[in-house]
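J.: got a predicted model here, sequence first, then my questions.
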Amino acid sequence: MRKMIEGSRAVAEAVALCRPGVISAYPITPQTHIVEELSQIVADGDLDAEYVRVESEHSAASVCLGAVAAGSRSYSATTSQGLLLMVEVLYNIAGMRLPLVITGVNRAISAPLNIWNDQQDTMAIRDTGWLQLYAEDNQEVLDMHIQAYKISEDDRVLLPVMVCMDGFILTHTYETVDMPTQEQVDAFLPSYDPLYKLDPADPYTLGAYAGPERYHEARYTIQQDCLGAKEIVKEVARDFQSAFGRWHGDVIDTYRAEDADTLFVAMGSVIGTLKDWVDAQRAEGEKVGVVKVRCFRPFPAEELVAAVSKAKRVIVLEKAVSMGSTGILAAELRAALYGQSTVPVTGAVAGLGGRDITMATIDEIKQRADAGELDLWADLRAEVLEDA
Amino acid sequence: MSTTEFTYEGTRGFYPGHRACAGCGQATAARLVMETVGPNCIVANATGCLEVFSSPHPESAWGVPWIHSLFENHPAVASGIEAALKNQGKLDQVRVLAMGGDGATLDIGFGALSGMFERNHDVLYVCMDNEAYMNTGVQRSGSTPFAASTTTSPAGRKSYGEDRPKKDLPAIAAAHGIPYVATASMSYFPDVRRKVKKAIETRGAKYLQIHVPCPPGWGYDEKLTIDIGKLAVECGLYPLVEWENGEVVRVRKIKQVPVEEYLKGQRRFRHLFRDEKSREQIAAIQAIAEENIKKYGLVE
């Protein structure tokens, strides 16, 4: 059914359609509307779930961990500081091979305190063993949650999935979305039936410690299955298209990229702005295009190399940076291209802490990349730097 | 009962053959708890001695479903297990336990524990109180008693060891108004069993703190674990108390012995016997015992 709703509401309804038995969250802006909507859905009896109101995000993730281990599909959502407080548990969930879906609402990290959008928070947890999907718009983020449970619970994966959506830009924006029916989702996503769970009738020890003789292999297995999950992400995207008739790309997607001389690579809602910019440039005769990274973990190295190798210049636009190094997506793309292609890659950090990325920002980045800059911060304001 | 199966009473939840030190009070307490609770339970365990000596992959001493996640999140993990069982309609059949040492309980897991109490999850929380971080080498915790020498609160030329009294977590737990709180000592087997039974028959959040002497951490001969534990209770330093809904309902009476009888057999207190000034510390410890005796009416 098509309806005009807020992004957070779309996520909450999609999650409810996935029928989690346990939801646990701690409120933090701009994740709040998602968990408020889910609280209401549970309070109205429209979803048969336990909503556990915890005292911290560390406990929210831990409640989900325990609930999944006991055999219930679970859900949480957080952002920024809350995500960082969860980090220890996030590593543990992946290490224990527990399938779980969490919405990572993208927000800046303190200090300075800032509640607005960028992607430094979820990028900081890229090494945890979680799969990470980044959504472009509210329809995609809605659909992505349904896909995420399917991917996470696949016996070939059994790793948690974080669905990343830009705070405010998606969470607080009303868009028309096509909401699937319960019957459609039930047919696509069967009830959670784990291989192992905490059950007195068949007792298992979960979370045993492993010494040097076993730990190495346990971590290797996570890496192998995380890399292998790329094919499952693709498979689920295809299955989703068959079931629901919508396609948002699999691990990547491209827009007017085939003959492009200059390709922008980015993740999240800025893709929409880039597409508009590309249309405007194409109207002027400029051969430009966009590559959307939809799945950042596992990293789609081969797919990106194939997508950008024919271009004359690649510009990675990202709302995150590895302090003391460069933009993270830029660094990973350069590593993937090593020995495969000599296309130059410019890394542009933009839009931190909610600074709008406008057409003018993209123009500036393009001009500076054309002038040969390899790593740049866009839209730096001289008067603020002087003040600092 | 099958004669071919190894099934002697008391080992179904927590089997022997684990790697605890000789004389470990905590291992005995774990067995007392598990034999009382029975097989229909799920245990969420904190990182610590109990976890490490019972679960080195691929071995496990646990005969019931058991999960270890992290050091400080076991109350939340247990909350999640309880919520899942509730949603699955199985909470009537399966009891949920959380276990942790005093560091996991009083210090690093304190926030999560308070949250579990406040939400009144149907979980029995068992704190194995050996009064320091034993697993990492006897560092001071919030449960370390006044004047105990640990590796991070060592007695020295200008110090008599830990300079603060034990955190009173049972009283804090009781202040949450949860249905049942009790302290116990592993030296009194029937008392531990009775309290565990009472706890698992009570719905809602329960807190049981069991005093578990530690031979290497406290510095005494491993055959003396039961005796040392009894002395802690009998001198008034470890009052055995039960609370229901925030009110004290029962205490174990003692025939009071001087605290010196308890202190003198332990390496962690030996600096208290070196000079006149150190004797003042013993007087201060005696005052703590007297305060407990007065507060709970421990002596007839």
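T.: Done, it's in.
J.: what is the burial count for A:Ser191?
T.: Neighbour count for A:Ser191, taken as other C-beta atoms under 10 Å in any protein chain shown: 9. Where C-beta positions appear, they are placed from N, C-alpha and C, glycine not excepted.
J.: could you check how far the residue nearest to it when sequence neighbours are not counted is from chain B?
T.: Once flanking residues are discounted, A:Ser191 sits nearest to A:Arg19: 7.2 Å by C-beta to C-beta, 6 or more residues apart in numbering or on different chains. Distance, A:Arg19 to chain B, by C-beta to the nearest C-beta, to the nearest Å: 10 Å.
J.: swap in A:Glu386?
T.: Distance, A:Glu386 to chain B, using C-beta to the nearest C-beta: 43 Å.
J.: now do the SS call for that residue.
T.: Put simply, A:Glu386 is helix when judged by DSSP: H, G, I helix; E, B strand; the rest coil.
J.: over to A:Asn114?
T.: Secondary structure, three-state DSSP: A:Asn114 is coil.
J.: for it, give me its contacts.
T.: Going by C-beta atoms under 8 Å, 6 or more residues apart in numbering or on different chains, A:Asn114 touches A:Arg107, A:Ala108, A:Gly353, A:Gly354.
J.: and the residue nearest to A:Ser191, its phi and psi?
T.: phi 60, psi 60 (degrees, to the nearest 10).
J.: find the nearest non-adjacent residue to whichever residue of chain A sits closest to chain B, please.
T.: Residue nearest to chain B within chain A: A:Gly66 (2.8 Å; C-beta to the nearest C-beta). Leaving aside its chain neighbours, A:Gly66 sits nearest to B:Gly80 (2.8 Å; criterion: C-beta to C-beta, 6+ apart).
J.: do I have it right that that neighbour meets A:Val63?
T.: Yes: contact between B:Gly80 and A:Val63 holds when scored by C-beta atoms under 8 Å: they sit 3.7 Å apart.
J.: which SS state does the residue nearest to A:Gly66 fall under?
T.: Per three-state DSSP, B:Gly80 ends up helix.
J.: select the longest helix from chain B.
T.: Using DSSP state H, we find that the single longest helix of chain B is helix B:276-296.
J.: quick one: that helix to chain centroid distance?
T.: With C-alpha atoms, centre = their mean, to the nearest Å as the basis, helix B:276-296 stands 22 Å off its chain's centre.
J.: quick one: name the residues of the stretch 101-250 of chain A near chain B.
T.: Counting by C-beta under 8 Å from any C-beta of the partner chain, the positions of the stretch 101-250 of chain A adjacent to chain B are A:197-200, A:202-211, A:214.
J.: now do the helix or strand where A:Met162 lies: everything it contacts.
T.: Remark: A:Met162 resides in strand A:161-166, with elements defined by DSSP states H and E. Strand A:161-166 is contacted from outside by A:7, A:11, A:99-106, A:117, A:119, A:122, A:125, A:130-135, A:141, A:144-145, A:148-149, A:151-152, A:171, A:267-270, A:296, using C-beta under 8 Å, 6+ apart.
J.: need the residue closest to the centroid of chain B.
T.: Ranked by distance to the mean C-alpha position of chain B (C-alpha atoms, centre = their mean), the top residue is B:Met128 at 2.6 Å.
J.: if I look at that one, how far off is B:Leu113?
T.: 14 Å (C-beta to C-beta, to the nearest Å).
J.: and the residue in chain B that chain A sits nearest to, what pLDDT?
T.: Proximity of chain B to chain A (C-beta to the nearest C-beta) peaks at B:Gly80, 2.8 Å away. At B:Gly80, the pLDDT value in this model is 98.
J.: filter the residues of the stretch 101-250 of chain A next to chain B down to the buried ones and hand me the PyMOL line.
T.: Listed next is the PyMOL selection for buried residues among these, using 16 or more other C-beta atoms under 10 Å in any protein chain shown:
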select buried, chain A and resi 197+198+199+200+203+204+205+206+207+208+210
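J.: any idea which of the residues of the stretch 101-250 of chain A next to chain B is closest to A:His58?
T.: A:Gly207 (16.4 Å; C-beta to C-beta).
J.: which residue is the nearest non-sequential neighbour of that closest one?
T.: Closest residue in space to A:Gly207, ignoring its immediate chain neighbours: B:His68 at 3.7 Å, by C-beta to C-beta, 6+ apart.
J.: could you tell me how many residues sit around the one you found?
T.: Other residues lying near B:His68 total 27 when counted by other C-beta under 10 Å.
J.: please save the CA atoms from the strand holding A:Met162 in PDB.
T.: The C-alpha atoms that make up strand A:161-166 are tabulated as PDB, following Å, rounded to 0.1, in the frame of the first residue of the first chain:
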ATOM      1  CA  VAL A 161      23.300  -6.700   9.900                       C
ATOM      2  CA  MET A 162      23.200  -3.000  10.500                       C
ATOM      3  CA  VAL A 163      20.900  -1.000   8.200                       C
ATOM      4  CA  CYS A 164      22.400   2.500   8.100                       C
ATOM      5  CA  MET A 165      20.100   5.500   7.400                       C
ATOM      6  CA  ASP A 166      21.000   9.100   7.500                       C
END
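J.: quick one: strands adjacent to that strand?
T.: Pairing partners of strand A:161-166, with direction, according to DSSP bridges: strand A:101-106 (parallel), strand A:131-134 (parallel).
J.: and the contacts of the last one?
T.: Counting contacts by C-beta under 8 Å, 6+ apart, the residues outside strand A:131-134 that touch it are A:104, A:119, A:122, A:126, A:144, A:147-148, A:151-152, A:157, A:159-165, A:226, A:229, A:233, A:267-268, A:293-298.
J.: same for the very next helix or strand once past it, what does it pack against?
T.: Next along the chain after strand A:131-134, taking DSSP H and E as the criterion, comes helix A:138-152. In terms of contacts (3 or more C-beta pairs under 8 Å, 6 or more residues apart in numbering or on different chains; DSSP states H and E), helix A:138-152 is packed against helix A:7-17, strand A:101-106, strand A:131-134, strand A:161-166, strand A:174-178, helix A:182-188, helix A:215-244.
J.: any chance of those in TSV with mean neighbour count and mean pLDDT as columns?
T.: TSV is the format used below for these (neighbours: other C-beta atoms under 10 Å in any protein chain shown; pLDDT from 0 to 100):
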stretch	mean neighbour count	mean pLDDT
helix A:7-17	26	98
strand A:101-106	30	98
strand A:131-134	26	98
strand A:161-166	29	98
strand A:174-178	16	98
helix A:182-188	14	98
helix A:215-244	15	98
